[in-house]
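Enquirer: just a sequence and a predicted model for now, questions to come.
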Number of protein chains: 4
Amino acid sequence: MVLSSVTRCCPTLQCVPVISRNLAVPRPNVLLFKSARRRETTQLNIRSLGSLSSTPVLLASSSLSSPSSSSKLVSKATGSLRGGKLVCLLRVSPRRPSPTPSRRGIHTQVGVMAKSKFEYVKQFETDDPCLQNCWIVVRIDGKAFHKFTDVHHYMKPNDERGLGLMTRAAQTVMADFSEVVLAYGQSDEFSFVFHKNCKLYNRRASKIMTNVVSLFASSFTLYWPRYFNTQELQYPPAFDARVVLYPSDDNLRDYLSWRQADCHINNLYNTCFWKLVQEKGLTPAQSQERLKGTLSSDKNELLYSQFNINYNNLPELYRKGTVLIRPRDAEAQSERETNNYRGYSASKKSERKPGSVVLHSDIIGKKFWEEHPYILNPKLYGS
Amino acid sequence: MVLSSVTRCCPTLQCVPVISRNLAVPRPNVLLFKSARRRETTQLNIRSLGSLSSTPVLLASSSLSSPSSSSKLVSKATGSLRGGKLVCLLRVSPRRPSPTPSRRGIHTQVGVMAKSKFEYVKQFETDDPCLQNCWIVVRIDGKAFHKFTDVHHYMKPNDERGLGLMTRAAQTVMADFSEVVLAYGQSDEFSFVFHKNCKLYNRRASKIMTNVVSLFASSFTLYWPRYFNTQELQYPPAFDARVVLYPSDDNLRDYLSWRQADCHINNLYNTCFWKLVQEKGLTPAQSQERLKGTLSSDKNELLYSQFNINYNNLPELYRKGTVLIRPRDAEAQSERETNNYRGYSASKKSERKPGSVVLHSDIIGKKFWEEHPYILNPKLYGS
Amino acid sequence: MVLSSVTRCCPTLQCVPVISRNLAVPRPNVLLFKSARRRETTQLNIRSLGSLSSTPVLLASSSLSSPSSSSKLVSKATGSLRGGKLVCLLRVSPRRPSPTPSRRGIHTQVGVMAKSKFEYVKQFETDDPCLQNCWIVVRIDGKAFHKFTDVHHYMKPNDERGLGLMTRAAQTVMADFSEVVLAYGQSDEFSFVFHKNCKLYNRRASKIMTNVVSLFASSFTLYWPRYFNTQELQYPPAFDARVVLYPSDDNLRDYLSWRQADCHINNLYNTCFWKLVQEKGLTPAQSQERLKGTLSSDKNELLYSQFNINYNNLPELYRKGTVLIRPRDAEAQSERETNNYRGYSASKKSERKPGSVVLHSDIIGKKFWEEHPYILNPKLYGS
Amino acid sequence: MVLSSVTRCCPTLQCVPVISRNLAVPRPNVLLFKSARRRETTQLNIRSLGSLSSTPVLLASSSLSSPSSSSKLVSKATGSLRGGKLVCLLRVSPRRPSPTPSRRGIHTQVGVMAKSKFEYVKQFETDDPCLQNCWIVVRIDGKAFHKFTDVHHYMKPNDERGLGLMTRAAQTVMADFSEVVLAYGQSDEFSFVFHKNCKLYNRRASKIMTNVVSLFASSFTLYWPRYFNTQELQYPPAFDARVVLYPSDDNLRDYLSWRQADCHINNLYNTCFWKLVQEKGLTPAQSQERLKGTLSSDKNELLYSQFNINYNNLPELYRKGTVLIRPRDAEAQSERETNNYRGYSASKKSERKPGSVVLHSDIIGKKFWEEHPYILNPKLYGS
């Protein structure tokens, strides 16, 4: 069909602001075209009038993901400015039908009209892109897990089931988001490291963190029975999440060291605290008082002398937390040798072994990073 | 114990930047104090040196929620600037023991030292507070629900079970977040409206949206069996979420109208589309072709003439979506009369009936808002 | 000329990320086209591939304001996805020459190539749009004006010349930015209120505040001699600026009240302080000590008893600061009557009398706003 | 004086939200204390209640830069939570008088009260800190300099006076902001590079860019006569500014290369354009048409054959733009040798030679950076 010019179809002043505004605006604006053949109206959303060619019109069919976007594909269009009004002519051809109707499908123009008057509210939405070339860390943290662990009778100070479930949920996230190069978890928190060149959701922080945290939460819930068997989940757990950016590899490694040091400090303290409560019958208050101001050495001594425990023999899971990396990145150094670098770096993410490998290594020292030199290697993710 | 002066304990130049920086800085900075009595070192985090009193020191024991914060309560301190260096004297007294040890408990100074060198990474975290006095809308949206609904054999165009489950999850969110005054859902999305004066998480957008979306996702997963019985959930679902701010009541109402108009447009189209596929045996492509460019009136006519369906008699759940409000706000107008306004507005949130009421009303027109004048009334949330 | 397909011109992998990225991305991405006819290469910047029509190409000639944008106007183009690669054909026609060459003019393709490899750095720039439908306040504040006023021998507590110059600079800003509906100044600060619907620079906060503050600073410098005559400006003054958003009229009025209350408090104190120093010969320290903890009433009493001054008789300029509004908004109420509202609200910004009117009124009370009902009236700025 | 407990002085419910809010809040909140001795009221602003010590009170006298902050120095305080209310006891001692009264000086409590009811508007202000460990680039750009250069009869394509004045203004900025390690300018723009560890204004983007751009604008205006002599400045010029962050040294160098390539491309084009206009008598349109689609080689050939100009012999100022670095960083390599690194890196910013050195070097190639290895060396700025 051939549409008549804008000037005829909307002789209102609307066009003037639309045009002047658009010269700068990144947000979509609306033009209404009335068909010359029928009374049908098409709403077109414009991103740019840069060159007064058919740009706006063509953009119209692509810039808007909402139902009000035209159901037509504008295959040809020309335009020009006359007296501050956009005059353009379009040829519209049918879009190749897609196998199933998208929920955001094709709609009657009347519906379009009904909605278009509210659509301005979309302009209140803002993007929150992460700065380019920075490591993106998403840290999730259990909401009120103190209560949650009490209600669900977690063993203190560490509950294998609970830690296993956290890891399972984190692995689900890694399986879904190939941009994650490493994840680190301890207690009720998990950090996911997205590589510097990651383009996921165009690096929109809100989109990344909400997808990650919601998938983590639903996985935690779905896989609960596999870890807690007959003990039922009493209520749906919540987690918060935040995005933190780290410009350099050192910053990122210090972040991970910070979390692992936190794990150590908490675990040493909690191990002592609960031993005193569980085996010496102290009240929590007494136990806390007993430990106040003690040094690490004091606590180690306490565990050894009072409970015959060598702290360093406790499971690494408790002392170091959990590190998840990609199978490929976890390959033995020996294999590496046979594996000249260029060929290696050429390999695509797609070639990576799926899933993740669970470690409880020290990631504060250099050793881990020297043994796994590919985890932070940007060349592997395309620059 | 009595700590010696900073100048003696850290004779480095570190103090100078610390001080000059702090005069403005909102981020914590670190001062190290060495005990005169023992070799113990305490790390103190400073937020302000505004008056060169003991502020920084006192703040030290409060400003940092991490284990590295001092385990002591500094009860008295004085300070002054001498030659660009902070000199201060502190008296430290034991903190009253709390009943149970917080996960972020008391730690040995050695642990503090081990961690303190990484702790600077916290400075890379940023707040994202929502502008004051604006309606906060959190809209969650199913990730790839096209595939999800296919895998789980949802009825088309509407699945009672799926919609019921979405509503159930949304009610869980409303039960947990009393700041939500209204929620609106359709298809695989739900919008939660937090009142303008809401102080939740100090209005931090990330914290609000991630808690909401993770609770929604875990509820959706936990309550799945109640709606889909023996049909198992095949994989954990994910949802994204965004925060949008609306300064005026009109903006907020237009936002809700936009979503409800979207519901109408999609449902009318999808009803026609699936009738053609399910009862006329058209392929999706043929069905889409048949509907291309049709008006609402065309579609209504199609449903009536071909399928003897009066669209307006279809369930409101499908045509209007789902509105959740507070029981109190849903009370009959009659009761209102007996209920003089002042007394009403004086009532606290705490007095509100818990939970939420499910409606499928039109919220585009004025009627709904006239009948429920208290939903948007800021007086009810304290200014 | 006819360009060959992308697949042939850049067989690298670059296309794949470009395409996948673009499905969401608002930021421009680069495609390189090699001419079939000559060895010339054209760089095109793409905003959207929504419909695989010529959108990206057409956008190319409009989306980028930098010299590397194509010097051609692509008048016709078609495209399609083949195996994850964009294949398209373009017809390029000359752009109508503009009268004078823009600094961002037309450039050789070689230059384009030289630059294109650095151009990715543009992606690090971010927008900072102000939330829609909020009052935008830009407050500028003199940098180190304590020293500045000493060096330039300002009269204490108030210097007519200095205040006059501040007002002159503010009027220059109002003359340049018609979106400003009111400005309020006191001491070394000035606040500019941009109306809620203001579209200036697409509401980008950085762009707005830097243009305002730099114009203010250059005006202050340029007009200095008119106020300080032979006394020379010793060094260029600096000002900082911030943008603050206020969603409601009440918030905005409270903001202005806050600044005027600040003016009152400072002026009353400073008047007493300098009287004691200048007429009683107290040292600044003694004067400060004398006033410590005194109430307003104490200070009024002090001025009256010791210096026979009735504070309320001091010039309003000192006590109230300076209010700038538009001539039209300042018209006498009487004229208003003759002026039915519809006709009034229909008037365009362009009809406004240029420049600004200087007042020293109280803006805390209702009176001012009742007498000037049009200042905050959004209808006057088009919604 | 001894203040009575909060519970007695403000028995309202205000305390409860204050306390609960504060546990997280970074924004100040207000507590009112009424003196037990007199009817005087003191407003205190609280940042944290972390430990229920006197933190809030002490913070009160430091956290708020406005006149309403307490005029007292609280030297001792204790506090505790009782039934959700903060109960505390304070001892207030006089603040040591400062030599001169700050404009933000001491104020009567009545003034405080008058203002405190508006002060909530401060909560609408937000910080915009730059990500840590990133290069901060502030690029300023002349507003409508096309018109400005016409009005002021700038020589085309390059005006020595205009470029000299830009450089002079940029040097003023560098003299004031020691954190700037390099500045690059061309045409009507200048970029200032602040080192990665820069703490200026706590890295608040708005504060940094507005101070820089306003100082630049006032310098440009103040020094105008030194470059344009009797030709008067017709109106105050404006500049916009933006902040861009670059995480890596490579990103920063690519940014600078981008700007210098832009300089080259524009200058080559403009040189040809104006030669054709000025010496061949072409109209701007004809000149533009003549140059359309030409390559660099074409333009070089044009200049040589038609105007006997070897482009590479034109002044570097035109072809390369202007680079400003610190005198120390510009020292001859020879001196460097004698200068072992440790000693060098130990040198403080304060030891730097003031001012800046003007170069017109190529900064795209490696040579410049190899010859001046200290410009980007973070060790010189303290990490």
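Expert: Good, I have the coordinates.

Enquirer: residue contacts, A:Ala238?
Expert: A:Gly142, A:Lys143, A:Ala144, A:Ala217, B:Asp176, B:Asn211, B:Ser214, B:Leu215, B:Ser218 (Cβ atoms under 8 Å, 6 or more residues apart in numbering or on different chains). In this view, the C-beta of every residue, glycine as well, is placed from N, C-alpha and C.

Enquirer: er, A:Phe118 actually
Expert: A:Phe118 neighbours (Cβ under 8 Å, 6+ apart): B:Asp254, B:Tyr255, B:Ser257, B:Trp258, B:Ala261.

Enquirer: need the helix or strand of chain A with the lowest average pLDDT.
Expert: helix A:15-22 (a mean of 23; mean pLDDT, DSSP states H and E).

Enquirer: re earlier: of the contacts of A:Ala238, grab the buried ones for PyMOL.
Expert: Per 16 or more other Cβ atoms under 10 Å in any protein chain shown, the buried members of those correspond to this PyMOL selection:
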select buried, (chain A and resi 142+143+217) or (chain B and resi 176+211+214+215+218)
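
Enquirer: which element, helix or strand, includes the nearest residue to A:Ser214 once chain neighbours are set aside?
Expert: Residue nearest to A:Ser214 in three dimensions, not counting chain neighbours: B:Ala217, with 3.8 Å by Cβ to Cβ, 6 or more residues apart in numbering or on different chains. Per DSSP states H and E: B:Ala217 is located in helix B:205-222.

Enquirer: mind saving the C-alpha coords of the helix or strand A:Thr172 falls within as PDB?
Expert: Assignment of secondary structure by DSSP H and E places A:Thr172 within helix A:160-176. Below are the C-alpha coordinates for helix A:160-176, written out as PDB (Å, rounded to 0.1, in the frame of the first residue of the first chain):
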ATOM      1  CA  GLU A 160      27.000 -29.900  53.600                       C
ATOM      2  CA  ARG A 161      23.500 -30.000  52.100                       C
ATOM      3  CA  GLY A 162      23.100 -26.300  52.200                       C
ATOM      4  CA  LEU A 163      26.500 -25.600  50.700                       C
ATOM      5  CA  GLY A 164      25.900 -28.300  48.100                       C
ATOM      6  CA  LEU A 165      22.600 -26.800  47.100                       C
ATOM      7  CA  MET A 166      24.200 -23.300  46.700                       C
ATOM      8  CA  THR A 167      26.900 -24.800  44.400                       C
ATOM      9  CA  ARG A 168      24.200 -26.600  42.400                       C
ATOM     10  CA  ALA A 169      22.300 -23.400  41.900                       C
ATOM     11  CA  ALA A 170      25.500 -21.600  40.900                       C
ATOM     12  CA  GLN A 171      26.300 -24.300  38.400                       C
ATOM     13  CA  THR A 172      22.900 -23.800  36.800                       C
ATOM     14  CA  VAL A 173      23.800 -20.100  36.400                       C
ATOM     15  CA  MET A 174      27.100 -21.000  34.800                       C
ATOM     16  CA  ALA A 175      25.500 -23.400  32.400                       C
ATOM     17  CA  ASP A 176      23.100 -20.800  31.300                       C
END
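
Enquirer: what packs against the helix or strand just after it?
Expert: Tracing the chain C-terminally past helix A:160-176 and defining elements by DSSP H and E, one meets strand A:180-186 next. Counting contacts by 3 or more Cβ pairs under 8 Å, 6 or more residues apart in numbering or on different chains; DSSP states H and E, strand A:180-186 packs against helix A:160-176, strand A:189-194, helix A:249-279, strand A:322-325.
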